[in-house]
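> below is the structure, and that's it, no one-letter string:
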């Protein structure tokens with residue numbers, strides 16, 4: 001290591017590393033006062049593990065990050081071949097040259113694109129995508145448990161299929177993740193977080209490549225849990241101190257596994273390592289604070305928390321959509337970022353697909369498709385009538401002001417739990433029902 005008093009700029013060639021996209025890295029000695037946004041730091045004047053920076057190689061993308069380097073170091077080494085000029089836009093600063101767009105999110109002015117298709121046309125394709133992706137994640141989990149590498153290309157292809165489905169109709173996959181059987185919790189949670197992250201990314205109007213990367217972050221964020229003993233992962237009682245220490249090692253284990261795998265984007269590595277960090281610095285493994293946590297990690301934290309509330313383990317008291325949102329607002333500032341949480345709530349709407357609603361006349365129904373113009377009047381499948389009797393599969397579009405047998409317009413009163421209807425989700429989550437569902441014409445009343 002060259003001392004901080006060394007007055008000359010040093011250059012030397014290094015062999016290609018996992019963070020380099022060229023054939024070599026050109027290290028240039030640079031005093032910290034000469035650093036600027038866009039410079040790519042490849043070495044510090046101290047060991048990386050003694051710093052708050054996650055990766056041995058990073059671009060300085062914000063004033064907060066720049067100041068953090070200056071506060072810690074006297075000098076660093078930069079790679080001049082990867083240094084670039086930062087272009088500022090209103091509300092967003094970022095690098096759009098690569099697929100890793102975890103820092104380039106404009107929360108303030110984003111508007112979601114129009115749906116390219118409909119629930120009816122997408123649901124059968126979405127069911128196959130869901131089943132195939134679920135199978136792939138289960139296989140990844142088995143490989144991870146054995147310490148084997150993950151095939152990043154296969155993961156990206158599966159997520160790309162999910163992105164395409166969400167762009168056609170986000171309602172289809174959202175409906176499926178609510179009707180899943182509650183076994184293989186880690187597998188289902190990873191798939192749910194993947195889908196929810198993609199839906200969120202669509203609402204933020206992210207480029208398709210960024211949506212794929214965000215979905216990959218959701219799919220693989222918990223992969224390290226597969227190297228934790230099942231007795232700890234599945235324990236229902238509170239973990240003791242030794243068990244907690246082992247459980248809290250899963251982000252580092254996941255990061256190491258993914259780092260040794262091929263075709264894994266750096267944002268996926270980062271999210272696997274940091275998804276339990278908290279904005280107030282009380283998370284783990286490195287107690288990072290708000291400015292040091294990427295937007296992708298903040299998004300995964302939000303969608304993972306939401307799924308844990310509404311799709312917990314089978315023997316837990318799962319929350320309704322509105323209950324989950326209420327609980328999440330209490331985590332703003334400590335665990336969840338406020339502006340992103342608001343956008344996430346917008347992305348799902350008041351009554352997201354798959355949630356069960358109580359009508360003002362006492363009837364119960366399941367939301368199928370959100371009406372983006374009339375968010376309080378979605379398309380629903382009727383489950384039970386006002387007397388509590390089961391109704392044959394009947395689909396009504398509340399936007400058409402459908403009326404009940406007494407001539408009253410169906411209006412949603414509240415969101416309730418599926419379990420309160422004594423309905424088996426498996427009845428609705430099967431290809432036969434879906435084919436029948438598509439054949440049914442919407443009823444106006």
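Right, received. Where do you want to start? In this text the structure is predicted, and so the values were computed from the model without any measurement.
> what are the ranges of the helices in the stretch 51-200 of the chain?
Along the stretch 51-200 of the chain, the stretches classed as helices by DSSP state H, counting those that start in this stretch are 63-72, 119-145, 152-168, 170-178, 185-203.
> of the ones you listed, which shows the lowest average pLDDT?
When the helices of the stretch 51-200 of the chain are compared on average pLDDT, helix 63-72 comes out lowest at a mean of 81.
> what residues does that helix touch?
With C-beta atoms under 8 Å, 6 or more residues apart in numbering as the test, helix 63-72 has contacts from 32-33, 35-37, 41, 44, 46, 51-53, 60, 76, 291-292. Placement of C-beta: from N, CA and C, glycine included.
> just how off-centre is it within its chain?
Helix 63-72 has its C-alpha centroid displaced from the chain centroid by 28 Å (C-alpha atoms, centre = their mean, to the nearest Å).
> now do the buried residues in that helix.
The neighbour-count check on helix 63-72 (16 or more other C-beta atoms under 10 Å) flags 65-66, 68-69, 72 as buried.
> which one of those sits closest to residue 274?
Distance to residue 274 across these (C-beta to C-beta) is lowest for residue 65, with 14.4 Å.
> in a markdown table: the helices of the stretch 51-200 of the chain, plus distance to residue 215.
Output for the helices of the stretch 51-200 of the chain, formatted as a markdown table (distance: least, C-beta to C-beta, whole Å):
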| stretch | distance to residue 215 |
| --- | --- |
| helix 63-72 | 26 |
| helix 119-145 | 10 |
| helix 152-168 | 4 |
| helix 170-178 | 11 |
| helix 185-203 | 4 |
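> can you list the domain ranges for this protein.
According to automatic domain parsing, the chain is divided into the following domains: 11-88, 119-348, 356-439.
> winner for burial among these?
Sort the domains of the chain by mean neighbour count, taking mean count of other C-beta atoms under 10 Å, and domain 119-348 sits at the top with a mean of 20.
> quick check: end-to-end length of it?
End-to-end distance of domain 119-348 (C-alpha to C-alpha, to the nearest Å): 15 Å.
> distance between that domain and the chain's centre?
Taking the mean C-alpha point of domain 119-348 and that of its whole chain, the gap between them comes to 5 Å (C-alpha atoms, centre = their mean).
> ditto for stretch 40-48
Centre-to-centre, stretch 40-48 and its host chain are 30 Å apart (C-alpha atoms, centre = their mean).
> equivalent analysis for stretch 382-396, please.
Relative to the centre of its chain, stretch 382-396 is centred 34 Å away, using C-alpha atoms, centre = their mean.
> distance check, residue 29 against residue 69.
Distance, residue 29 to residue 69, by C-beta to C-beta, to the nearest Å: 14 Å.
> for residue 361, which of the helices of the stretch 51-200 of the chain is the nearest?
helix 170-178 (23.7 Å).
> hmm, who's touching the closest one?
In this structure, residues lying in contact with helix 170-178 by C-beta under 8 Å, 6+ apart are 115, 119, 122-123, 125-127, 129-130, 162, 165-166, 188, 191-192, 195-196, 198-199, 202, 307, 310-311, 348, 352-355, 368-370, 418, 425, 429.
> stretch 44-51 now?
The set of residues external to stretch 44-51 that reach it, using C-beta under 8 Å, 6+ apart, is 1, 4, 53, 56, 72-77.
> was I right to think residue 77 contacts residue 35?
No: taking C-beta atoms under 8 Å as the definition, residue 77 is not a contact partner of residue 35, at 11.1 Å.
> pull up the overlap in contacts between those two.
With the criterion set as C-beta under 8 Å, 6+ apart, the overlap between the contacts of residue 77 and residue 35 is residue 41.
> excluding its backbone neighbours, what's nearest residue 406?
Excluding its sequence neighbours, the residue lying closest to residue 406 (C-beta to C-beta, 6 or more residues apart in numbering) is residue 361, at 7.2 Å.
> got the contact list for that neighbour?
Applying C-beta under 8 Å, 6+ apart, the residues contacting residue 361 are 386, 404, 406, 408, 410.
> and the third one, what's its pLDDT?
When you say that, I think you mean residue 406. We have a pLDDT of 83 for residue 406.
> so it is in which element?
Residue 406 belongs to no helix or strand when elements are defined using DSSP states H and E.
> that one and residue 276: what is the separation?
Following C-beta to C-beta, the distance that separates residue 406 from residue 276 is 52 Å.
> the fourth one now?
Using C-beta to C-beta, one obtains 49 Å as the distance from residue 408 to residue 276.
> low-confidence ranges, the protein, go.
Across the chain, residues meeting the criterion (pLDDT under 70) sit at 1-26, 54-55, 83-104, 106, 108-109, 180-184, 313-316, 423-445.
> please repeat the previous calculation with a cut-off of 80.
Counting by pLDDT under 80, the chain shows low-confidence ranges at 1-27, 48-57, 61-65, 80-111, 179-185, 312-317, 391-394, 418-445.
> could you list every residue that touches residue 289?
Applying C-beta under 8 Å, 6+ apart as the definition, the contact partners of residue 289 turn out to be 279-281.
> can you redo those residues as TSV, where the extra columns are distance to residue 245?
Output for those, formatted as TSV (distance: C-beta to C-beta, whole Å):
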residue	distance to residue 245
279	23
280	21
281	19
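> which one of these is nearest residue 229?
Within the contacts of residue 289, distances to residue 229 taken as C-beta to C-beta reach their minimum at residue 281, with 28.7 Å.
> ok, and the closest non-adjacent residue to the closest one?
Counting by C-beta to C-beta, 6+ apart, residue 289 is the residue found nearest to residue 281 once chain neighbours are left out, at 4.3 Å.
> quick check: angle from the helix or strand hosting residue 213 to helix 185-203?
With secondary structure defined by DSSP H and E, residue 213 is part of helix 208-220. Helix 208-220 runs at 160 degrees relative to helix 185-203, counting by axes from the mean of the first three to the mean of the last three C-alpha atoms, to 10 degrees.
> packing partners of helix 208-220?
With contacts defined as 3 or more C-beta pairs under 8 Å, 6 or more residues apart in numbering; DSSP states H and E, the packing partners of helix 208-220 are helix 119-145, helix 152-168, helix 185-203, helix 266-274, helix 295-310.
> after it, next one along is what?
As assigned by DSSP H and E, the chain's next helix or strand after helix 208-220 is helix 230-233.
> packing partners for the following helix or strand past that following helix?
Heading C-terminal from helix 230-233, the first helix or strand you meet, by DSSP H and E, is helix 241-247. Using 3+ C-beta pairs under 8 Å, 6+ apart, the elements in contact with helix 241-247 are helix 230-233.
> check which helices and strands the helix it packs on sits against.
Helix 230-233 makes packing contacts with helix 241-247 when contacts are defined by 3+ C-beta pairs under 8 Å, 6+ apart.
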